[in-house]
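Colleague: let me see the structure of the following:
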Amino acid sequence: MNQMYLIRAIFSYGNYDNKNTVAVFDLYVGANYWTTIRLPNAAYFQSEEIIIQQLPSDHLFQVCLVNIGLDFIHIDCGESRGYIDPETVIPYQADMDFVETGKNSMVAPDLRTDLDHFVFGRQLKTLRFFPEGKRNCYTLKPKLGNNYLIRAFFAYGNYDAQNRSHTFDLYLNVDFWETVHFNDDTDGYEFAEIIHTPTTDTILVCLVNTGLGIPFISMLELRPLINSVYIIPSPSQSLLVLDTRIDVGSTEFISGLFTRFKDDVFDRVWHVDDVFEDQGLEKINTSQYIEVGSSR
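Modeller: As a prediction, this is how the structure comes out:
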């Protein structure tokens with residue numbers, strides 16, 4: 001039986017550099033990704049453990065810290081100041097540096113508790129709406145050469161006290177992305193996700209008024225991806241629109257139909273597995289270790 005090894009690492013920022021910044025970097029064991037370390041303030045610390053089942057051929061473990069920089073953008077639309085979300089430990093920015101039009105608002109007071117989702121925190125409580133102009137855009141400036149996951153959330157929340165439907169289009173630069181539609185679902189939310197390889201240093205995320213309600217947006221996120229994870233043939237074919245992403249075998253989430261996992265380095269949103277039940281497939285789970293590539 002192979003010897004198993006426990007590796008434990010503890011990180012504490014403590015404001016050693018007197019910059020009061022947010023520390024974010026990746027941790028690897030050899031060439032294998034382990035986890036992402038996020039230290040949002042001087043008092044925060046993070047402890048991580050991993051079990052290694054096989055000793056490297058040279059009998060040496062390499063634990064590597066990889067500086068990924070803050071090459072991601074998380075915008076809480078309608079918020080007046082930035083903050084660290086206590087659930088996800090993600091730093092969110094206010095949106096005034098990314099858009100020049102629109103007005104800030106909040107969902108109706110009686111719906112703020114309903115929209116306080118476990119995995120989306122306070123981001124769905126605020127929004128920016130665009131009563132003027134046909135096309136209003138957020139301007140994002142990512143680094144070239146990467147694939148990016150771009151995600152937008154929308155929660156109506158009866159912010160205008162009108163209880164009315166809203167339908168508008170979402171564009172990425174000049175390309176149609178998705179139509180956003182709300183009926184009278186005041187306590188619900190929608191999100192759209194796309195993977196894009198930019199060919200310029202500017203990405204425009206645009207909300208287009210189609211005459212069926214004032215466009216609005218609650219949250220906008222941009223995250224770099226490892227290029228080998230989602231293969232895009234060429235920059236001219238650089239749009240991959242999400243259909244669905246299922247946590248196969250899951251039965252329910254505390255947060256409802258969707259959830260996200262802190263251990264998912266790409267911070268993707270997953271749907272509960274309610275798709276395959278009608279196809280005769282059975283959900284199973286086990287507390288035992290499952291060997292990858294094994295039929296056991």
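Colleague: C-alpha from now on. contacts and neighbour counts both.
Modeller: Fine.
Colleague: so in the protein, where's the weakest helix or strand by average pLDDT?
Modeller: strand 239-241 (a mean of 62; mean pLDDT, DSSP states H and E).
Colleague: who's in contact with V29?
Modeller: Going by Cα atoms under 8 Å, 6 or more residues apart in numbering, V29 touches F61, Q62, V63, C64.
Colleague: which ones among those lie within helices?
Modeller: Members of these lying in helices (criterion: DSSP state H): none.
Colleague: so can I have a markdown table of these showing neighbour count, distance to F11 and pLDDT?
Modeller: Below are the contacts of V29 laid out as a markdown table (neighbours: other Cα atoms under 10 Å; distance: Cα to Cα, whole Å; pLDDT from 0 to 100):
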| residue | neighbour count | distance to F11 | pLDDT |
| --- | --- | --- | --- |
| F61 | 13 | 19 | 72 |
| Q62 | 12 | 17 | 77 |
| V63 | 16 | 13 | 82 |
| C64 | 15 | 13 | 79 |
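Colleague: between those residues, which is closest to I10?
Modeller: V63 (12.4 Å; Cα to Cα).
Colleague: the closest one touches N32, doesn't it?
Modeller: No: V63 is beyond contact range of N32, at 9.6 Å (criterion: Cα atoms under 8 Å).
Colleague: so V99 makes contact with R135?
Modeller: No: if you go by Cα under 8 Å, V99 and R135 don't touch, sitting 11.8 Å apart.
Colleague: sheet partners, orientation included, of the top strand by length along the chain?
Modeller: The single longest strand within the chain, with elements called by DSSP state E, is strand 203-212. Sheet pairing of strand 203-212 (DSSP bridges) gives strand 135-140 (antiparallel), strand 166-172 (antiparallel).
Colleague: got these as JSON lines, with distance to A43 and mean pLDDT columns?
Modeller: Putting the strands paired with strand 203-212 into JSON lines (distance: least, Cα to Cα, whole Å; pLDDT from 0 to 100) gives the following:
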{"stretch": "strand 135-140", "distance to A43": "31", "mean pLDDT": "95"}
{"stretch": "strand 166-172", "distance to A43": "39", "mean pLDDT": "93"}
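Colleague: so D110 sits in a helix?
Modeller: Yes: the assignment for D110 by DSSP: H, G, I helix; E, B strand; the rest coil puts it in a helix.
Colleague: okay, it and N146: tell me how far apart.
Modeller: Separation of D110 from N146 (Cα to Cα, to the nearest Å): 42 Å.
Colleague: give me the more crowded residue out of these two.
Modeller: A direct count of neighbours by other Cα atoms under 10 Å for D110 and N146 places N146 higher, at 16 against 11.
Colleague: I'd say that one and D201 touch.
Modeller: No: taking contacts as Cα under 8 Å, N146 lies outside contact range of D201: 11.1 Å.
Colleague: low-confidence ranges in the stretch 51-200 of the chain?
Modeller: 54-59, 66-71, 86-89, 112-121, 184-187 (pLDDT under 70).
Colleague: switch the cut-off to 80
Modeller: Along the stretch 51-200 of the chain, the model assigns pLDDT under 80 to residues 52-62, 64-72, 82-91, 110-122, 143-146, 183-189, 198.
Colleague: quickly list what's touching both of V99 and R135.
Modeller: Contacts common to V99 and R135, judged by Cα under 8 Å, 6+ apart, are absent.
Colleague: and T179, how far from N32?
Modeller: For T179 relative to N32 (Cα to Cα), the value is 39 Å.
Colleague: between those two, tell me which one has more neighbours.
Modeller: Taking neighbours as other Cα under 10 Å, T179 and N32 compare with T179 leading, 14 against 11.
Colleague: so what's that one up against?
Modeller: For T179, the contacting residues are T167, F168, D169, L170, by Cα under 8 Å, 6+ apart.
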